[in-house]
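A.B. asks: A predicted structure for the sequence below; I have some questions about it.
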Amino acid sequence: MGSKDLINKVLALKRERNAVILAHNYMDYDVQVVADFIGDSYDLALKAMETKAEVIVFAGVRFMAEQAKALNYDRIVLAPDPGAGCTIADALDVGTLRRVKEEYPNVPVVLYVNSNVDVKALADYIVTSSTAIKVIRRLSSDVVIFGPDSNLADYVAYMTGKRIIKVPPNGKCVVHANYTVDMLREVRTKYPGARVMIHPEAPLNVLRLADFVGSTNQMIEYARNSGYDEFVVGTEIGMLNALRIKVSNKTFYPLTTGPSARCPFMAMITLDKVYRSLRDMVHEVEIPKSTADAIREAFERTRKLLEG
């Protein structure tokens with residue numbers, strides 16, 4: 001079945017099922033084409049809450065679909081490939097987090113959204129890459145338990161001056177952790193007029209040399225509002241699809257095109273799998289209600305802190 005035929009079949013199924021498709025910024029181009037919303041994982045889960053869809057198909061890795069279920073517990077949430085994990089999320093387990101909490105009693109636990117639901121349920125606050133610094137700055141405690149991404153933890157510590165207890169000490173993204181200063185210097189030579197945007201999951205020595213550090217959604221806004229016309233994109237290479245769709249009048253280059261440029265787990269989500277999941281209503285996400293309640297409470301606590 002050709003891509004155009006498959007796209008039309010997915011669009012027809014969406015109407016038939018009263019479904020909404022959420023596509024992460026890293027998805028393949030044809031998956032983004034059929035999506036109702038394109039964005040980062042938390043933003044997409046919130047977008048779904050605003051719709052009247054009975055079915056949510058989350059084109060992203062497993063923790064994203066589970067998070068969407070926690071925030072939309074009364075909806076059917078489908079994961080096109082439940083085997084699509086995440087090296088950051090899978091780096092932290094419940095036992096490890098509980099041990100660290102016991103070792104540091106009364107220290108707030110702030111978890112990155114890139115964590116699995118059983119771990120998220122133990123968090124005091126849940127942050128995105130765009131809100132982590134704001135939230136931790138607003139906490140009264142000078143010591144914070146933070147995980148699972150150790151590079152983001154280093155960046156938060158650098159930006160806030162607070163003592164960050166990393167849990168685990170070495171959780172990293174399979175893509176961003178491989179960025180180097182040499183890569184950045186090479187693209188500056190190759191594209192001298194371009195601004196360099198880097199995701200905060202990259203090593204701190206790379207982030208300190210970037211023109212802009214931000215989440216995928218923040219990169220879109222920065223590129224859209226900037227007076228510059230060319231940008232080097234230091235995040236998963238699928239992000240170029242989202243940028244070319246949403247900021248079509250500007251030019252984007254990947255920081256690297258090497259083997260590690262594409263997340264193998266994001267690549268597992270294809271248009272065909274989105275179609276089959278929606279056609280057969282398979283791979284429904286199920287999590288305990290108590291877990292979902294705890295996650296919603298942590299998100300609400302975070303929201304109030306940011307708005308307070």
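C.D. replies: Arrived safely.
A.B. asks: for the stretch 101-250 of the chain, which segments count as helices?
C.D. replies: For the stretch 101-250 of the chain, helices defined by DSSP state H, counting those that start in this stretch occupy the ranges 117-120, 132-138, 150-160, 181-190, 204-207, 216-225, 239-246.
A.B. asks: residue 72: which of these is closest?
C.D. replies: Proximity to residue 72 (C-beta to C-beta) singles out helix 117-120 among the helices of the stretch 101-250 of the chain, at 13.2 Å. Glycine gets a C-beta too; all of them are placed from N, C-alpha and C.
A.B. asks: dump the helices of the stretch 101-250 of the chain into TSV; add mean neighbour count, distance to residue 233 and mean pLDDT as well.
C.D. replies: Conversion of the helices of the stretch 101-250 of the chain to TSV gives the following (neighbours: other C-beta atoms under 10 Å; distance: least, C-beta to C-beta, whole Å; pLDDT from 0 to 100):
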stretch	mean neighbour count	distance to residue 233	mean pLDDT
helix 117-120	22	28	97
helix 132-138	19	20	97
helix 150-160	22	17	98
helix 181-190	14	10	97
helix 204-207	18	13	98
helix 216-225	19	7	97
helix 239-246	20	6	96
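A.B. asks: so the chain: which segments form each domain?
C.D. replies: 3-84+266-286, 89-172, 176-261 (automatic domain parsing).
A.B. asks: okay, and the beta partners of residue 196?
C.D. replies: Beta-bridge partners recorded for residue 196 (DSSP bridges): residue 232.
A.B. asks: how far away is it from residue 181?
C.D. replies: Distance from residue 196 to residue 181, counting by C-beta to C-beta, to the nearest Å: 12 Å.
A.B. asks: which residues are in contact with both of the two?
C.D. replies: residue 209 (C-beta atoms under 8 Å, 6 or more residues apart in numbering).
A.B. asks: re the thing from before, how about JSON lines for the domains of the chain, with distance to residue 296 added?
C.D. replies: Shown next, in JSON lines, are these (distance: least, C-beta to C-beta, whole Å):
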{"stretch": "domain 3-84+266-286", "distance to residue 296": "6"}
{"stretch": "domain 89-172", "distance to residue 296": "10"}
{"stretch": "domain 176-261", "distance to residue 296": "21"}
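A.B. asks: and the pLDDT at residue 42?
C.D. replies: Residue 42 carries a pLDDT value of 85.
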